[in-house]
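*Asks:* Based on what follows, work out the 3D shape:
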Amino acid sequence: LPTVAGLGSLLFVIVAGSTVRFLYGRHRQLVKLQVEKDMFERQQLSLAKSMLETMAFPVHLVLSTIFLEQKTLPMFEDLRDRGLHRVIDKVKDLGVDEDGNVKNPFVFFSHQWTGFAEPDANGIQFGIMCNSLKDLIQRNISWHVHNVYVWVDYSCIPQQHKKMQELAIMSLPVYSSRASAFVIVAPTVPHRDTHEMCDFETYMGRAWCRTEQASHSVCRGAKHLYIAKEGGTHALELDNVKNSLRVFDGALTCCRLKHKGMPCCDKERLVLPMLSVYANLRRQQKLGEKNKKISILIEEQTAKCFPTHFDFVTENNQGLESIQRRPLFGNLVQKMKEDIDAEALCVMSHSESVWSGSDESSDIRPSVKSTLTNCESMDPDRYFDSERIMHLTI
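*Replies:* Next comes the predicted model:
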(Lines give C-alpha, C1' and ligand atoms only; values in the text may rest on other atoms or scores of the structure.)
Protein backbone atom coordinates (compact mmCIF):
# COMPACT_ATOMS: atom_id res chain seq x y z
CA LEU A 1 0.00 0.00 0.00
CA PRO A 2 2.76 2.56 0.77
CA THR A 3 4.17 1.81 -2.64
CA VAL A 4 0.80 2.37 -4.30
CA ALA A 5 0.30 5.60 -2.32
CA GLY A 6 3.75 6.78 -3.31
CA LEU A 7 3.11 6.06 -6.96
CA GLY A 8 -0.22 7.89 -6.72
CA SER A 9 1.48 10.91 -5.18
CA LEU A 10 4.16 10.87 -7.85
CA LEU A 11 1.56 10.62 -10.57
CA PHE A 12 -0.35 13.55 -9.04
CA VAL A 13 2.82 15.64 -8.93
CA ILE A 14 3.57 14.82 -12.56
CA VAL A 15 0.02 15.63 -13.71
CA ALA A 16 -0.12 18.78 -11.62
CA GLY A 17 3.25 19.91 -12.92
CA SER A 18 2.21 19.26 -16.51
CA THR A 19 -1.03 21.16 -15.97
CA VAL A 20 0.79 24.12 -14.45
CA ARG A 21 3.28 24.19 -17.34
CA PHE A 22 0.42 24.01 -19.87
CA LEU A 23 -1.54 26.79 -18.17
CA TYR A 24 1.57 28.95 -17.85
CA GLY A 25 2.42 28.42 -21.51
CA ARG A 26 -1.16 29.19 -22.49
CA HIS A 27 -1.10 32.32 -20.37
CA ARG A 28 2.10 33.52 -22.04
CA GLN A 29 0.60 32.80 -25.45
CA LEU A 30 -2.55 34.77 -24.62
CA VAL A 31 -0.51 37.67 -23.26
CA LYS A 32 1.58 37.69 -26.44
CA LEU A 33 -1.54 37.62 -28.62
CA GLN A 34 -3.07 40.44 -26.59
CA VAL A 35 0.06 42.55 -27.13
CA GLU A 36 -0.09 41.80 -30.87
CA LYS A 37 -3.79 42.66 -30.93
CA ASP A 38 -3.15 45.98 -29.17
CA MET A 39 -0.34 46.83 -31.59
CA PHE A 40 -2.52 45.94 -34.56
CA GLU A 41 -5.36 48.12 -33.28
CA ARG A 42 -2.97 51.04 -32.67
CA GLN A 43 -1.79 50.71 -36.26
CA GLN A 44 -5.37 50.69 -37.54
CA LEU A 45 -6.29 53.76 -35.50
CA SER A 46 -3.22 55.67 -36.66
CA LEU A 47 -3.83 54.81 -40.30
CA ALA A 48 -7.51 55.70 -40.09
CA LYS A 49 -6.68 59.13 -38.65
CA SER A 50 -4.43 59.87 -41.60
CA MET A 51 -6.74 58.65 -44.36
CA LEU A 52 -8.77 61.86 -44.73
CA GLU A 53 -5.50 63.81 -44.89
CA THR A 54 -4.11 61.90 -47.85
CA MET A 55 -5.22 60.32 -51.10
CA ALA A 56 -4.02 56.87 -52.10
CA PHE A 57 -4.75 57.96 -55.69
CA PRO A 58 -4.80 61.60 -56.90
CA VAL A 59 -8.25 62.99 -57.55
CA HIS A 60 -9.03 63.44 -61.26
CA LEU A 61 -11.59 66.10 -62.08
CA VAL A 62 -13.25 67.24 -65.31
CA LEU A 63 -13.92 70.90 -66.00
CA SER A 64 -17.62 71.67 -66.42
CA THR A 65 -17.20 73.00 -69.96
CA ILE A 66 -15.45 69.78 -71.04
CA PHE A 67 -18.00 67.58 -69.29
CA LEU A 68 -20.95 69.38 -70.90
CA GLU A 69 -19.38 69.04 -74.36
CA GLN A 70 -19.47 65.23 -74.21
CA LYS A 71 -22.24 63.27 -75.89
CA THR A 72 -22.11 60.35 -73.41
CA LEU A 73 -20.51 59.72 -70.05
CA PRO A 74 -16.79 59.67 -70.93
CA MET A 75 -14.45 56.93 -69.79
CA PHE A 76 -11.44 57.73 -67.59
CA GLU A 77 -8.86 56.50 -70.09
CA ASP A 78 -10.39 58.51 -72.94
CA LEU A 79 -10.20 61.72 -70.94
CA ARG A 80 -6.69 60.89 -69.73
CA ASP A 81 -5.36 60.21 -73.21
CA ARG A 82 -6.77 63.53 -74.42
CA GLY A 83 -5.27 65.37 -71.42
CA LEU A 84 -8.67 66.53 -70.19
CA HIS A 85 -8.29 65.75 -66.49
CA ARG A 86 -7.44 68.24 -63.77
CA VAL A 87 -5.23 66.13 -61.49
CA ILE A 88 -4.84 67.14 -57.85
CA ASP A 89 -2.26 65.30 -55.75
CA LYS A 90 -2.69 66.90 -52.33
CA VAL A 91 -5.78 67.12 -50.16
CA LYS A 92 -4.84 70.67 -49.17
CA ASP A 93 -5.54 71.76 -52.75
CA LEU A 94 -9.19 70.79 -52.24
CA GLY A 95 -9.48 73.22 -49.36
CA VAL A 96 -9.65 77.02 -49.28
CA ASP A 97 -7.09 79.69 -50.07
CA GLU A 98 -5.90 82.47 -47.77
CA ASP A 99 -8.90 84.61 -48.71
CA GLY A 100 -11.37 81.86 -47.81
CA ASN A 101 -12.23 80.98 -51.40
CA VAL A 102 -12.74 77.32 -52.27
CA LYS A 103 -9.90 75.98 -54.37
CA ASN A 104 -10.98 73.71 -57.21
CA PRO A 105 -14.70 73.47 -56.31
CA PHE A 106 -16.29 70.34 -57.73
CA VAL A 107 -19.62 68.55 -57.92
CA PHE A 108 -19.55 64.89 -56.91
CA PHE A 109 -22.06 62.82 -58.90
CA SER A 110 -23.01 59.55 -57.23
CA HIS A 111 -25.04 57.02 -59.20
CA GLN A 112 -25.90 53.36 -59.63
CA TRP A 113 -24.57 51.57 -62.70
CA THR A 114 -27.34 50.48 -65.06
CA GLY A 115 -25.33 47.68 -66.68
CA PHE A 116 -22.73 45.21 -65.45
CA ALA A 117 -20.15 46.67 -67.82
CA GLU A 118 -21.77 50.03 -68.57
CA PRO A 119 -22.32 52.82 -66.05
CA ASP A 120 -25.09 54.53 -68.02
CA ALA A 121 -26.42 51.95 -70.45
CA ASN A 122 -29.21 54.10 -71.90
CA GLY A 123 -27.57 57.53 -71.53
CA ILE A 124 -30.34 58.94 -69.32
CA GLN A 125 -28.16 59.49 -66.26
CA PHE A 126 -25.59 61.54 -68.18
CA GLY A 127 -28.30 63.91 -69.42
CA ILE A 128 -29.55 64.40 -65.85
CA MET A 129 -26.00 65.03 -64.64
CA CYS A 130 -25.57 67.79 -67.23
CA ASN A 131 -28.88 69.42 -66.34
CA SER A 132 -28.09 69.23 -62.62
CA LEU A 133 -24.64 70.74 -63.15
CA LYS A 134 -26.09 73.68 -65.06
CA ASP A 135 -28.74 74.16 -62.37
CA LEU A 136 -26.22 74.20 -59.50
CA ILE A 137 -23.94 76.64 -61.34
CA GLN A 138 -26.88 79.01 -61.85
CA ARG A 139 -27.73 78.86 -58.14
CA ASN A 140 -24.23 79.82 -56.99
CA ILE A 141 -23.17 83.33 -58.00
CA SER A 142 -19.45 82.54 -57.64
CA TRP A 143 -19.65 79.48 -59.89
CA HIS A 144 -19.42 79.29 -63.67
CA VAL A 145 -18.55 76.59 -66.16
CA HIS A 146 -14.90 77.69 -66.29
CA ASN A 147 -14.13 77.29 -62.58
CA VAL A 148 -16.27 74.36 -61.41
CA TYR A 149 -15.25 70.75 -61.90
CA VAL A 150 -17.05 67.41 -61.98
CA TRP A 151 -16.25 64.09 -60.36
CA VAL A 152 -18.05 60.91 -61.44
CA ASP A 153 -16.71 57.38 -61.07
CA TYR A 154 -16.53 56.21 -64.70
CA SER A 155 -14.78 59.40 -65.79
CA CYS A 156 -12.51 59.89 -62.79
CA ILE A 157 -11.49 56.38 -61.65
CA PRO A 158 -9.24 54.15 -63.80
CA GLN A 159 -11.29 51.46 -65.52
CA GLN A 160 -8.51 49.38 -67.12
CA HIS A 161 -5.75 49.32 -64.49
CA LYS A 162 -7.24 47.37 -61.58
CA LYS A 163 -4.56 48.18 -58.99
CA MET A 164 -4.92 51.90 -59.65
CA GLN A 165 -8.66 51.44 -59.59
CA GLU A 166 -8.46 49.88 -56.12
CA LEU A 167 -6.39 52.80 -54.81
CA ALA A 168 -8.90 55.28 -56.23
CA ILE A 169 -11.80 53.36 -54.68
CA MET A 170 -10.04 53.45 -51.30
CA SER A 171 -9.82 57.23 -51.71
CA LEU A 172 -13.57 57.64 -52.34
CA PRO A 173 -14.31 58.90 -48.80
CA VAL A 174 -11.69 61.63 -49.29
CA TYR A 175 -13.08 62.68 -52.65
CA SER A 176 -16.72 62.80 -51.52
CA SER A 177 -15.95 64.52 -48.22
CA ARG A 178 -14.24 67.40 -50.06
CA ALA A 179 -16.93 67.96 -52.68
CA SER A 180 -18.59 71.36 -52.80
CA ALA A 181 -21.86 69.64 -53.73
CA PHE A 182 -22.90 65.99 -53.60
CA VAL A 183 -25.55 64.97 -56.11
CA ILE A 184 -27.35 61.62 -56.17
CA VAL A 185 -28.34 60.82 -59.74
CA ALA A 186 -31.30 58.45 -59.49
CA PRO A 187 -33.79 58.50 -62.35
CA THR A 188 -36.04 55.51 -62.90
CA VAL A 189 -34.35 53.46 -65.62
CA PRO A 190 -34.09 49.74 -66.45
CA HIS A 191 -30.91 47.79 -65.80
CA ARG A 192 -29.63 46.51 -69.14
CA ASP A 193 -28.62 43.06 -67.88
CA THR A 194 -31.01 42.25 -65.04
CA HIS A 195 -33.94 44.19 -66.59
CA GLU A 196 -34.86 45.35 -63.10
CA MET A 197 -35.75 48.99 -62.55
CA CYS A 198 -33.06 51.20 -61.03
CA ASP A 199 -34.28 54.19 -59.02
CA PHE A 200 -33.61 56.10 -55.83
CA GLU A 201 -34.65 53.14 -53.69
CA THR A 202 -32.24 50.74 -55.38
CA TYR A 203 -29.51 53.40 -55.27
CA MET A 204 -29.96 53.76 -51.51
CA GLY A 205 -29.64 49.99 -51.15
CA ARG A 206 -26.07 49.94 -52.49
CA ALA A 207 -23.27 49.94 -49.88
CA TRP A 208 -20.79 51.86 -52.03
CA CYS A 209 -23.39 54.54 -52.79
CA ARG A 210 -24.03 54.83 -49.06
CA THR A 211 -20.29 55.10 -48.43
CA GLU A 212 -19.95 58.10 -50.73
CA GLN A 213 -23.01 59.80 -49.27
CA ALA A 214 -22.10 59.09 -45.65
CA SER A 215 -18.53 60.35 -46.11
CA HIS A 216 -19.81 63.65 -47.44
CA SER A 217 -22.61 64.19 -44.92
CA VAL A 218 -20.49 63.27 -41.87
CA CYS A 219 -17.69 65.64 -42.90
CA ARG A 220 -19.71 68.48 -44.40
CA GLY A 221 -23.25 68.11 -43.09
CA ALA A 222 -26.45 67.71 -45.07
CA LYS A 223 -26.73 71.17 -46.60
CA HIS A 224 -24.88 70.28 -49.79
CA LEU A 225 -26.66 67.00 -50.50
CA TYR A 226 -28.95 66.89 -53.54
CA ILE A 227 -30.93 64.37 -55.52
CA ALA A 228 -31.30 64.70 -59.30
CA LYS A 229 -34.11 62.96 -61.16
CA GLU A 230 -36.19 63.57 -64.25
CA GLY A 231 -37.94 66.46 -62.48
CA GLY A 232 -34.82 68.42 -61.55
CA THR A 233 -32.35 68.79 -58.69
CA HIS A 234 -33.62 69.08 -55.12
CA ALA A 235 -32.23 69.00 -51.57
CA LEU A 236 -32.08 65.56 -49.98
CA GLU A 237 -34.36 64.93 -46.99
CA LEU A 238 -32.70 64.19 -43.66
CA ASP A 239 -34.49 60.82 -43.28
CA ASN A 240 -32.67 59.57 -46.35
CA VAL A 241 -29.37 60.74 -44.89
CA LYS A 242 -30.07 58.65 -41.78
CA ASN A 243 -30.38 55.49 -43.87
CA SER A 244 -27.18 56.20 -45.79
CA LEU A 245 -25.16 56.25 -42.57
CA ARG A 246 -25.82 52.52 -42.19
CA VAL A 247 -23.28 51.68 -44.88
CA PHE A 248 -22.82 48.05 -43.90
CA ASP A 249 -26.52 47.28 -44.29
CA GLY A 250 -26.16 48.05 -47.99
CA ALA A 251 -25.87 45.46 -50.75
CA LEU A 252 -22.52 44.51 -52.29
CA THR A 253 -21.79 42.59 -55.48
CA CYS A 254 -19.16 40.46 -53.74
CA CYS A 255 -21.75 39.29 -51.21
CA ARG A 256 -24.27 38.56 -53.97
CA LEU A 257 -21.65 36.38 -55.68
CA LYS A 258 -20.89 34.73 -52.32
CA HIS A 259 -17.25 35.81 -52.54
CA LYS A 260 -16.35 33.30 -55.21
CA GLY A 261 -12.57 33.49 -55.67
CA MET A 262 -12.41 36.44 -53.26
CA PRO A 263 -10.26 36.34 -50.11
CA CYS A 264 -12.17 39.15 -48.47
CA CYS A 265 -15.40 41.14 -48.58
CA ASP A 266 -15.73 44.78 -49.54
CA LYS A 267 -17.15 45.35 -46.06
CA GLU A 268 -13.69 44.64 -44.68
CA ARG A 269 -12.13 47.07 -47.14
CA LEU A 270 -14.51 49.76 -45.92
CA VAL A 271 -13.56 49.54 -42.25
CA LEU A 272 -10.58 51.92 -42.31
CA PRO A 273 -12.17 54.55 -44.61
CA MET A 274 -15.32 54.68 -42.47
CA LEU A 275 -13.28 54.70 -39.25
CA SER A 276 -11.41 57.72 -40.60
CA VAL A 277 -14.72 59.47 -41.27
CA TYR A 278 -15.78 58.78 -37.67
CA ALA A 279 -12.46 60.17 -36.37
CA ASN A 280 -13.07 63.39 -38.29
CA LEU A 281 -16.60 63.68 -36.88
CA ARG A 282 -15.35 63.11 -33.34
CA ARG A 283 -12.79 65.87 -33.74
CA GLN A 284 -15.47 68.20 -35.03
CA GLN A 285 -17.56 67.42 -31.96
CA LYS A 286 -14.69 68.12 -29.61
CA LEU A 287 -13.92 71.42 -31.31
CA GLY A 288 -17.58 72.44 -31.11
CA GLU A 289 -18.09 72.45 -34.88
CA LYS A 290 -21.71 72.50 -36.06
CA ASN A 291 -22.70 69.14 -37.43
CA LYS A 292 -25.06 68.16 -34.65
CA LYS A 293 -27.77 66.60 -36.79
CA ILE A 294 -25.43 64.04 -38.29
CA SER A 295 -23.80 63.39 -34.92
CA ILE A 296 -27.17 62.61 -33.37
CA LEU A 297 -28.13 60.31 -36.23
CA ILE A 298 -24.92 58.31 -35.77
CA GLU A 299 -25.23 58.14 -32.00
CA GLU A 300 -28.76 56.77 -32.36
CA GLN A 301 -27.56 53.85 -34.48
CA THR A 302 -23.86 53.39 -33.71
CA ALA A 303 -24.06 49.59 -33.71
CA LYS A 304 -25.64 49.66 -37.19
CA CYS A 305 -23.21 52.24 -38.55
CA PHE A 306 -20.13 50.43 -37.23
CA PRO A 307 -20.94 46.71 -36.75
CA THR A 308 -18.41 44.70 -34.75
CA HIS A 309 -18.62 41.53 -36.90
CA PHE A 310 -20.28 40.14 -40.02
CA ASP A 311 -20.95 36.78 -41.68
CA PHE A 312 -18.61 35.97 -44.57
CA VAL A 313 -20.64 33.64 -46.79
CA THR A 314 -19.03 31.40 -49.42
CA GLU A 315 -20.32 28.60 -51.61
CA ASN A 316 -18.47 25.52 -52.85
CA ASN A 317 -18.81 23.78 -56.22
CA GLN A 318 -21.62 21.62 -54.87
CA GLY A 319 -23.64 24.67 -53.90
CA LEU A 320 -23.17 24.21 -50.16
CA GLU A 321 -22.85 27.44 -48.18
CA SER A 322 -20.19 28.06 -45.56
CA ILE A 323 -20.52 30.89 -43.06
CA GLN A 324 -17.53 32.34 -41.22
CA ARG A 325 -17.94 34.95 -38.50
CA ARG A 326 -15.40 37.69 -39.24
CA PRO A 327 -14.48 40.91 -37.44
CA LEU A 328 -15.29 44.36 -38.76
CA PHE A 329 -14.89 47.25 -36.33
CA GLY A 330 -14.65 45.20 -33.14
CA ASN A 331 -13.97 47.81 -30.47
CA LEU A 332 -12.09 50.16 -32.82
CA VAL A 333 -14.84 52.81 -32.70
CA GLN A 334 -14.71 52.99 -28.91
CA LYS A 335 -10.91 53.12 -28.98
CA MET A 336 -10.99 55.86 -31.60
CA LYS A 337 -13.43 57.84 -29.45
CA GLU A 338 -11.08 57.49 -26.46
CA ASP A 339 -8.09 58.46 -28.60
CA ILE A 340 -9.71 61.60 -29.97
CA ASP A 341 -11.05 62.59 -26.54
CA ALA A 342 -7.54 62.27 -25.12
CA GLU A 343 -6.06 64.64 -27.69
CA ALA A 344 -5.21 68.04 -26.30
CA LEU A 345 -7.60 70.76 -27.40
CA CYS A 346 -4.74 73.17 -27.92
CA VAL A 347 -3.20 70.73 -30.38
CA MET A 348 -6.47 70.01 -32.15
CA SER A 349 -7.37 73.67 -32.53
CA HIS A 350 -4.23 74.13 -34.62
CA SER A 351 -4.55 70.83 -36.39
CA GLU A 352 -5.25 71.00 -40.10
CA SER A 353 -6.49 67.43 -40.24
CA VAL A 354 -10.11 68.24 -39.38
CA TRP A 355 -12.45 68.80 -42.28
CA SER A 356 -15.57 70.46 -41.07
CA GLY A 357 -18.85 71.61 -42.46
CA SER A 358 -22.33 72.04 -41.11
CA ASP A 359 -25.99 72.09 -41.93
CA GLU A 360 -26.06 75.81 -41.27
CA SER A 361 -22.80 76.97 -42.85
CA SER A 362 -20.84 76.33 -46.02
CA ASP A 363 -17.49 77.19 -44.42
CA ILE A 364 -14.74 74.77 -45.31
CA ARG A 365 -11.67 74.04 -43.24
CA PRO A 366 -8.82 72.65 -45.35
CA SER A 367 -6.67 69.65 -44.59
CA VAL A 368 -3.15 70.95 -45.19
CA LYS A 369 -1.02 68.29 -43.53
CA SER A 370 -0.15 65.62 -46.08
CA THR A 371 1.48 62.30 -45.27
CA LEU A 372 1.88 59.31 -47.54
CA THR A 373 -0.79 56.68 -47.06
CA ASN A 374 0.63 53.35 -45.96
CA CYS A 375 -1.02 51.30 -48.68
CA GLU A 376 0.65 48.15 -47.43
CA SER A 377 -1.34 48.41 -44.21
CA MET A 378 -4.52 48.59 -46.26
CA ASP A 379 -3.73 45.39 -48.16
CA PRO A 380 -6.52 42.86 -47.49
CA ASP A 381 -4.12 39.90 -47.29
CA ARG A 382 -2.16 41.62 -44.56
CA TYR A 383 -5.37 42.46 -42.76
CA PHE A 384 -6.44 38.84 -42.63
CA ASP A 385 -3.03 37.67 -41.44
CA SER A 386 -4.12 39.42 -38.26
CA GLU A 387 -7.61 37.97 -38.24
CA ARG A 388 -6.80 35.56 -35.42
CA ILE A 389 -5.74 38.56 -33.35
CA MET A 390 -9.05 40.32 -33.94
CA HIS A 391 -10.91 37.19 -32.82
CA LEU A 392 -8.93 36.89 -29.59
CA THR A 393 -10.93 36.85 -26.39
CA ILE A 394 -9.24 36.59 -23.01
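*Asks:* which residues in the stretch 251-394 of the chain form helices?
*Replies:* Under the criterion DSSP state H, counting those that start in this stretch, the stretch 251-394 of the chain carries helices at the ranges 253-256, 266-269, 271-287, 292-300, 302-305, 332-342, 345-348, 380-385, 387-390.
*Asks:* Give the buried residues for the fifth one.
*Replies:* Residues residue 305 are the ones in helix 302-305 that count as buried (16 or more other C-beta atoms under 10 Å). Backbone N, C-alpha and C define where each C-beta goes, glycine included.
*Asks:* For that helix, give the mean pLDDT please.
*Replies:* The average pLDDT within helix 302-305 is 94.
*Asks:* burial of residue 25, as a residue count?
*Replies:* Residues lying near residue 25 (other C-beta atoms under 10 Å) number 10.
*Asks:* I should have written residue 18 there, sorry.
*Replies:* 10.
*Asks:* Same question for residue 134.
*Replies:* By other C-beta under 10 Å, 14 other residues sit near residue 134.
*Asks:* What separation is there between it and residue 227?
*Replies:* Note on residue 134: its distance to residue 227, by C-beta to C-beta, to the nearest Å, is 16 Å.
*Asks:* now residue 36
*Replies:* Residue 36 is 46 Å from residue 227, by C-beta to C-beta.
*Asks:* can you check residue 158 too?
*Replies:* From residue 158 to residue 227 the distance is 28 Å (C-beta to C-beta).
*Asks:* ditto for residue 297
*Replies:* In this view, residue 297 and residue 227 are 18 Å apart by C-beta to C-beta.
*Asks:* give the contact list for residue 156.
*Replies:* 59-62, 76, 85, 168, 175 (C-beta atoms under 8 Å, 6 or more residues apart in numbering).
*Asks:* For the residues you listed, which PyMOL command selects only the ones that are buried?
*Replies:* Selecting only the buried entries of these in PyMOL, with 16+ other C-beta under 10 Å as the criterion:
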select buried, resi 59+60+61+62+76+85+168+175
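*Asks:* just curious, which of the contacts of residue 156 is nearest to residue 201?
*Replies:* If you rank those by distance to residue 201 using C-beta to C-beta, residue 175 comes first, at 24.7 Å.
*Asks:* Name the helix or strand for the closest one, please.
*Replies:* Assessed by DSSP states H and E, residue 175 sits inside helix 172-177.
*Asks:* so where's the stretch 201-350 of the chain shaky on pLDDT?
*Replies:* 289-290, 344-350 (pLDDT under 70).
*Asks:* Return the distance of the residue nearest to residue 215 when sequence neighbours are not counted relative to residue 129.
*Replies:* Spatial nearest neighbour of residue 215, chain neighbours left out: residue 173 (3.9 Å); criterion: C-beta to C-beta, 6 or more residues apart in numbering. Going from residue 173 to residue 129 by C-beta to C-beta gives 21 Å.
*Asks:* Residue 142 now?
*Replies:* 21 Å.
*Asks:* Between those two, tell me which one has more neighbours.
*Replies:* Remark: of residue 142 and residue 129, residue 129 carries more neighbours, 23 against 10, as counted by other C-beta under 10 Å.
*Asks:* Next, the angle from the host helix or strand of residue 39 to helix 332-342.
*Replies:* Here residue 39 sits within helix 2-51, counting by DSSP H and E. For helix 2-51 against helix 332-342, the angle by axes from the mean of the first three to the mean of the last three C-alpha atoms, to 10 degrees is 60 degrees.
*Asks:* Could you check the angle helix 2-51 makes with helix 271-287?
*Replies:* Using the same axes, to 10 degrees: helix 2-51 against helix 271-287 is 70 degrees.
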